[in-house]
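Engineer: I would like to see how this sequence folds:
(2 chains)
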Amino acid sequence: MLLKKTLTALLVGAALSATTAQAEIKIGVVTSSTGPIALVGIPQKNSVPLLPTSAGGETITYISLDDGSDPTAASKAFKKLIDEEKVDAIIGPSGSGAAVGVLQYAAESGTPMLAPVGTAAVVLPMTEQKKWVFKTTQNDDLIASAIVDHMKEAGVKTVGLIGTADPYGENWAKVMGELTREAGIEIVASESFQRQDTSITGQSLKLLMANPDAVLVAAPGSSSVMPQTTLKEQGYAGQIYQTHGAALDPFLKLGGKAVEGTILAASLMLVLDEVEDSPAKQIATDYVARYTELHGEAPATFGGNVYDAGLLLHNAIPTALETAKPGTAEFRSALRDALEATKELPGTQGVYNMTPADHSGFDERGRVMITVKDGDWKLLD
Amino acid sequence: MNLQIAILLGQDGITNGAIYALLALSIILVFTVTRILLIPLGEFVTFGALTMYAFQSGHETSIVWLLAAMIALDAALDLKQLFSNGMDARKAQWIGIKLGYAALMVTLMHTLSLQEIPMLAQALLTLMLLVPLGPVMYRVFFQPIASAQPLVLLIVSIALHVTMVGIGLLMFGPEGGRTAPFSDTALRLGSVMLKSQTLWVILVSVVLIVSLFLAFERTLYGKALRATAVNRMGARLMGISPDFAGKATFALAAFIGVASGILIAPITTLYYDSGFIISLKGFVGAIIGGLISYPLAAIGAVAVGLIEAFSMFWASNYKEIIVFTLIIPFLLWRSINSNHVEDEE
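Structural biologist: Sure thing, here's the model as predicted:
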């Protein structure tokens, strides 16, 4: 009998605490902190404790889940967050493929989703489903156009591409194909490789034989290093460009002398000391300092993408609170509308200006041209 | 395609092929002696490479705690056995030695300034840290189920592989590592540059293969292992301990894996999860050798390396497909040409 009473008391207690919990705002976070893209997911997961904890007088709780870099697990995590936790918005997942897969669940349940992923396919072309998705990374074409502009100015006529055989590299090949055609630059060789390849001598020889004026390496994280070191070893003397995927400190450490003089376009997080003062710089500096204090190392750009998602929500929540209570469908819908109305919001990656057609919202303030000089990132002038 | 490119690709293929050959040999060695397909072999490669990288870049090397924990587990199992089988002074002494070794490694890791010691010492330390994991792994996970069916052993082996990949992520992080080359010199042969690291890889592989051959042909322990491989029950009747044979082969395999990792770390960027693909290619070599023949496996593994190098030149998108499709004709040829022997137990 006693046991039964205790149980009932516990259940009632749990039910009560559940109802009080309804008043707070719940945000789900899905990252890939294990598995092949842990490189992206770990700084993202580590950024969760830094996200704003209250907005418009309400506290925000974050429920962080790991999808193990598996799109199926990401779907499960999304369903769990939506059906069981009844979250008001979801940040994640880390993988491009996973993000494309889960956006239908976000749309069906009417839950705003802030995707810190690279591929523009989650917000472009805009559809009824993608209305619910906001992307906190620069679209590839924004970065690519900066690179192509620089090539044009430098008098590059022919270019060779080498990218990873995944959505990242493939999308870059596509974007570069379009942009170079407009700029009158010819792509003379296009090669691909796997992140885990132990050698890319063959691809690099093929590029060398085509003898392009410049080579663009499109690979995320440390896999961007090997094409460049191999090319240098084989005596390639032209200019090597990298994408924002290479904008991580291990790139410098692994590449050493071989990456000296590389040109890339990326967010201003790498060269904070050199860029002119701006609200975005202040936020990025603050984020880097807090992250470093908490985790003992500087964050990779991917972490900033999640942090920005938090800032976007923080900015939109007060507006949404005016129309509805957290935990309701009306609130989620109002939150979506408020996110879409974001104007001139500075984040770590640049300045966000959302419109119904553009759910990424960056302009040229979201990227700077960077080069590697004396083993460090330097603003390109 | 001209001669120079063919030579460059060939050089690349032989370098990778030499590593695959070493791995193929250890896969066959472990399989014939213990009937275990050593899937986690690749993890020894990446652990070796990434430990070297951690030393050189001054990162914390928490891998020593894995070693300490595994040895403690091993000692606990030994103690339990001691209590149930009655005390044995020699065995008790062994436990003390093992624990002492773990303590020694922990102190070494925390007193030496790992970044400054010479590369040879770093390599030695890496081997000392990781090779004992091999026999301990056998003792803890395989010895209790040594007589189980090969399928059970395979499942445990896969579980270990998955666990070790996870541990690798935890200890080394998601970033790849690449170490400094053993020496900076390059050899010029006509118009072709030979990287000194390539020569190192080939040299060490050949030395390892030859010394393995000599050890198996000429020494008592080698012969004991061979006897176990030929007939486990017979070997046991002749007084060869199957536990010892298992631990010895695992130690050898771990040694070869870690050494391969140290050898290729300067050539390529390795990640915590690169090991599987590398050992899988060694496995293709081992299959070509029918999981029995060492020379055939070595030749097959070098062929895998060469085919890989040339296919990445011709069709980089299909490289892996080409390499792994290779296995099919060989399996067909093997199954047509050999009398299928049911598992002996």
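Engineer: how about stretch A:150-164, does it reach chain B?
Structural biologist: No. Applying C-beta under 8 Å from any C-beta of the partner chain, one finds stretch A:150-164 separated from chain B by no less than 8.7 Å. All C-beta spots, glycine's among them, are computed from the backbone N, C-alpha and C.
Engineer: which residue sits closest to the residue in the stretch 1-150 of chain B positioned nearest to chain A, ignoring its sequence neighbours?
Structural biologist: Proximity of the stretch 1-150 of chain B to chain A (C-beta to the nearest C-beta) peaks at residue B:12, 4.2 Å away. Closest residue in space to residue B:12, ignoring its immediate chain neighbours: residue A:201 at 4.2 Å, by C-beta to C-beta, 6 or more residues apart in numbering or on different chains.
Engineer: contacting residues for the residue of the stretch 1-150 of chain B closest to chain A?
Structural biologist: A:199, A:201, A:202, B:198, B:305, B:309 (C-beta atoms under 8 Å, 6 or more residues apart in numbering or on different chains).
Engineer: what number of residues lie near residue 194?
Structural biologist: Here I'm looking at chain A. 19 (other C-beta atoms under 10 Å in any protein chain shown).
Engineer: um, chain B though
Structural biologist: Per other C-beta under 10 Å, the neighbour tally for residue B:194 reads 16.
Engineer: likewise for residue A:120?
Structural biologist: By other C-beta under 10 Å, 20 other residues sit near residue A:120.
Engineer: so it sits right up against residue A:360, yeah?
Structural biologist: Yes. Counting by C-beta atoms under 8 Å, residue A:360 is a contact partner of residue A:120 at 7.2 Å.
Engineer: got any residues that touch both of these two?
Structural biologist: The contact sets of residue A:120 and residue A:360 overlap at A:135, A:139 (C-beta under 8 Å, 6+ apart).
Engineer: coming back round to it: quick one: which of the contacts of residue B:12 is nearest to residue B:262?
Structural biologist: Residue B:262 lies nearest to residue B:198 out of those, by C-beta to C-beta, at 14.8 Å.
Engineer: that closest one against residue B:16, yeah?
Structural biologist: No. Contact between residue B:198 and residue B:16 fails when scored by C-beta under 8 Å: they sit 10.0 Å apart.
Engineer: more neighbours: which of the two?
Structural biologist: Each of residue B:198 and residue B:16 has its neighbours counted (other C-beta under 10 Å); residue B:16 has more, 28 against 19.
Engineer: where does the closest residue to that one other than its chain neighbours sit: helix, strand or coil?
Structural biologist: The shortest distance from residue B:16 to any residue other than its chain neighbours is 4.0 Å, reached at residue B:305 (C-beta to C-beta, 6+ apart). Secondary structure assignment for residue B:305 (DSSP: H, G, I helix; E, B strand; the rest coil): helix.
Engineer: any idea which element the closest residue to residue A:299 other than its chain neighbours lies in?
Structural biologist: Leaving aside its sequence neighbours, residue A:299 sits nearest to residue A:291 (C-beta to C-beta, 6+ apart; 4.3 Å). Secondary structure assigned from DSSP states H and E places residue A:291 in helix A:279-295.
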